[in-house]
Each structure stands twice: as structure tokens, then as C-alpha cells.
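Novice: Build me a structure from this.
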Amino acid sequence: MPDLSALFLARLQFAFTVGFHIVFPAFSIGLAAFLAVLEGLWLKTDKPVYLDLFKYWLRVFSVVFAMGVVSGLVMSYEFGTNWSQFSQKAGPVLGPMLAYEVMTAFFLEAGFLGVMMFGLNRVGKRLHFAATSMVSIGTLISMSWILASNSWMQTPQGYKIDAATGRFLPADWLAIIFNPSFPYRLVHMALAAFLCVAFIVGGVGAWHLLKAKRQKRQPTEAVKVMFSMAMWMAAIVAPLQILAGDAHGLNTLKYQPAKIAAMEGDWESESRAPELLFGIPDMENEVTRYKVGIPLIGSLILTHSLDGKVPGLKDFPKDQRAPMYVVFYTFRVMVALGSLMALIGVFSLFLRWKGSFYTNPILLRGALLMTPAGFIALLCGWVTTEVGRQPYTIYGLLRTVDSVSPVVTLPNMETSMIAFVIVYFVVFTAGIGILLHDFAQEPSTNEAELERDQPHRAAGITQISHHPAE
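Specialist: Numbering: from 1, shown residues only. Reported below is the predicted structural model:
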């Protein structure tokens, strides 16, 4: 068995790389859908503002997609170098699903990405819209396969275990893919991706609206449209996410009660349980100190009954408990940010009715401050999910300590961890710097490009003028 410190660093390294990676696919999923909507609206209405916004966010998508691909490459190597026991035992189930993701989604995205990125002036409008739609569909299919794999690790079924090798072998692929938690995770993640992009777009729009106000000029139509679309998305999706989270919580209570106990900060199982707003978990003494809670609401939220019984962490052996101090806080940050996003969405509807939607300083500054809120909530939700299933990689069946490679050593993990931190911060700081530079520019139409395209139109060739982001 490897040294515990080496195991901890192996876990930390994977968490670090996945934490960087998960942000960019979520961004790509939501942004690809937004691009498809923008191009569809342009085709339907023929309003140039939608094309301007499409080209503005297409540049952002190209940077985000590239960073997502780069950040995901290293994880496949980590499975082999740091988690070979997990790969060897779970490979017969998870390997094919990851292969299906490549065959059905990655190839679809890669096949149409070039047309989407560079074909606007080279193919017909409808063909280009079809390519954009295929890229968006590809991101959703990719997300579905990845979540099916992760959900099977959380709620495994449809498998059999080989007695000689201990390997998990597929017995029912439909049961494996459509495992009990998969539908809830799929909906929850898709809505999270849309919310992430809604608040990025809304934050950029709010920045430019505030800038126009400071400069005492009228904001451009493109800025107003993108801010309006973002707030509509927030107003619709954030409440839906709360409902999806509630359904996901009921499913988790049924299949992973120890995770629920850690999330709630409960040590004793009880009926008519309170909902803790704050506390300081003490794992050693099995108590949550300085509790601040609302009576009865814990049972009501988790069981939809005031008399419902909520599990406590003492119901489970110590070697089967997740670290409550991590799960307890990340869960509350996620819920708090989700509630704030819903509040901003509802507040925006009120301001539309009042006629001060584009000028209200509370909404604009709130939207600007909440720009990264979707991604922070996403990361907190991911930590809650993954840390909450500890000490298992495959819940209840394969422990994390039995999943790590036998040759993992502390010096090797220290060296690779330092290298990852340096490289990731250099590469992704540069990438984020490019994004921030793009966000600081307003969507606009370049008249020189329009003039350059005029001869092509005169010659009868259908061309679409290029509107750069700058």
C-alpha cells in the first residue's frame, strides 16, 4: 500500500487537474447552445445584432474549447500512472463508455467545429447553422457520456464482479448507463452549464452598460441584447435548477445517505430535523459546533415531510464516512450562490416591468459581481459530489486506497504536483487573460470588412461579412 501522503497527493493532483478542466467543458456546453440560439435568431429575424453577438462570442468559444481540450488530456495519463488499480478493475465498464463519448460526441464536435469557426463566409447560412447546432449537440452528448460514467461510480448497477480478478464486468449496459442517479445529474449539470454562461454573458453586458453610463453615452444595441438574453436565462434556469437540485437531493438520500448526512452536518439521525445554515463540524468528537439552523426545515427539504427522518453520520462506521468539514461548506456555498442567481433573475423581471432594466445600478453591479458565480457554484457542487462519496471511488464497492497505483511514491507525486501547478497557472493565466481582453471589447461591426465583401456580393457570391470581436 502506498504511503498515505502519496495517496493524498495523488487525490489532490487529480482534483486540481479536474477542477481546472471541468470549468471549460461547462463553459463550452452553455456557450455552444448560446451560439446556436444567436445564429438561429439571426436567420429568423435577419437582424445584424445577432450576427454581431455570434461573432463576438464565437471568438470566446474558440479559446474556451481549446483550453478544455488541453486541460483534459492529462487526466487520461493520470488514470494510468496514479490510478492503475482503478483503471484495471473498472476499465471493462468505464472504458467503453469513454470510447463511446469519443466516437459519438468528440468526432461530431471536431467534424463540424472547423465549419463553425471558419465557414461563415464559405458555406451557406443554413449549412453553417447546422454545423453550429451539431457542435452544440456534440457537447451535450459528450456531457451525457461523462456523467453516465461518473454516475455509475456513484450509484453502480448492471455489473458483475469477476471472482478471480475482482474486475467489474458489464452485465446490463442499459442499467449501467441509465443508473439511478444519472438522469438527475444530467439535468443538474446541463442547467449548471447554462447558468454559468448566463452569468458570464450577463456580467460582460453589465460591465459595458456601466461603462456607457460612466461615459454618459447610450449603450449599443448588442450590449443591451446580450444582457437581456442573459437575464432571461437566469430568470428561467435558476429556479429550474433549484427544483432539479431538490430532486437530486431526494435521489442522493435514497442511494447515498452517508453523503447526505455529511452535507447536512447531522451526526444523529432524527425526525423533524432542522436545516443547518452554519456550523463547524468536528469529526474527532462527532459533533457540529456553533450550529445555526431553522427548525423542521431539514426534514421538509430532504423528505418533503415535517416528520421525515434524516440520517446522521453516526449511523455509518467511521471508515465509511466522508470528511464532513469539506462537504458541509462546499454544499452551502453552492446553495447560497444558486439562491443569489435565482434572486437576481427574479429581480431582473421586476425591473423589466418597472422600465429600469438597463439602468438600475443594483442589478448591473450585482450581475457584474456574480459573473464567476456559476463556475464557483459548479466547482463547489463537484467537490460536494466527489468528496461526499469518499472513502470510495466506486461507491460502497471499491475504496480509494485500493484504487491507487502500487508504485505511487511521495517524491514522484511532489515533483509532478509542482510541475502541474506551474504549467497550469502559466498556460491558463494566459488563456484567461485573452478572455478578459475580449470581454473588455464591445461587440461591433467593422465597416472596412463590410466594404471588402461588397465586390463578392456584386459578383453574385453569397458572403457573410466578418464582424470581429474588437
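
Novice: tell me the mean pLDDT for the host helix or strand of Ile280?
Specialist: Using DSSP states H and E, Ile280 falls within strand 275-282. Here strand 275-282 scores 86 as its mean pLDDT.

Novice: Now that strand: buried residues?
Specialist: Glu275, Leu276, Gly279, Pro281 (16 or more other C-beta atoms under 10 Å). No exception for glycine: its C-beta is placed from N, CA and C like everyone else's.

Novice: Name the member of those with the shortest distance to Ser149.
Specialist: Distance to Ser149 across these (C-beta to C-beta) is lowest for Pro281, with 30.2 Å.

Novice: Please list all residues in contact with that closest one.
Specialist: Each residue near Pro281 by C-beta atoms under 8 Å, 6 or more residues apart in numbering is listed here: Gly265, Thr288, Arg289, Met324, Tyr325, Phe328.

Novice: Can you select the buried ones among these for me in ChimeraX?
Specialist: Only the buried entries of those go into this ChimeraX selection, using 16+ other C-beta under 10 Å:
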select :265,288,324,325,328
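
Novice: Strands - which of the contacts of Pro281 land there?
Specialist: Judged by DSSP state E, the subset of the contacts of Pro281 located in strands is Thr288, Arg289.

Novice: need the contacts of Pro281 in a markdown table with distance to Ala105 and pLDDT, can you?
Specialist: Below are these laid out as a markdown table (distance: C-beta to C-beta, whole Å; pLDDT from 0 to 100):
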| residue | distance to Ala105 | pLDDT |
| --- | --- | --- |
| Gly265 | 38 | 87 |
| Thr288 | 42 | 85 |
| Arg289 | 46 | 86 |
| Met324 | 36 | 89 |
| Tyr325 | 37 | 87 |
| Phe328 | 35 | 91 |
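
Novice: a markdown table for the contacts of Pro281, including distance to Ile141?
Specialist: Listed next are those as a markdown table, based on distance: C-beta to C-beta, whole Å:
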| residue | distance to Ile141 |
| --- | --- |
| Gly265 | 37 |
| Thr288 | 42 |
| Arg289 | 46 |
| Met324 | 36 |
| Tyr325 | 37 |
| Phe328 | 34 |
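
Novice: my guess is Ser403 meets Gly91, correct?
Specialist: No - counting by C-beta atoms under 8 Å, Ser403 stays clear of Gly91, with 11.7 Å between them.

Novice: more neighbours, those two?
Specialist: A count of neighbours by other C-beta atoms under 10 Å puts Ser403 above the other of Ser403 and Gly91, at 22 against 15.

Novice: Surely Val292 and Leu276 touch.
Specialist: Yes - counting by C-beta under 8 Å, Val292 touches Leu276, with 7.0 Å between them.

Novice: Reduced to three states, what does Pro406 come out as?
Specialist: For Pro406, the assignment made with DSSP: H, G, I helix; E, B strand; the rest coil gives coil.

Novice: ok, it - how many residues close by?
Specialist: Count around Pro406 with other C-beta under 10 Å applied: 8.

Novice: Against Thr81, how distant is it?
Specialist: For Pro406, the distance to Thr81 equals 12 Å [C-beta to C-beta, to the nearest Å].

Novice: now Tyr184
Specialist: Distance from Tyr184 to Thr81, by C-beta to C-beta: 32 Å.

Novice: between the two, which one's more packed in?
Specialist: Neighbours per residue (other C-beta under 10 Å) separate Tyr184 from Thr81, with Tyr184 holding more: 21 against 17.

Novice: and the residue nearest to that one when sequence neighbours are not counted, what does it touch?
Specialist: With C-beta to C-beta, 6 or more residues apart in numbering as the criterion, Tyr184 has its nearest non-adjacent residue at 4.2 Å, and that residue is His248. By C-beta under 8 Å, 6+ apart, His248 lies in contact with Ser181, Tyr184, Arg185, Val187, His188.
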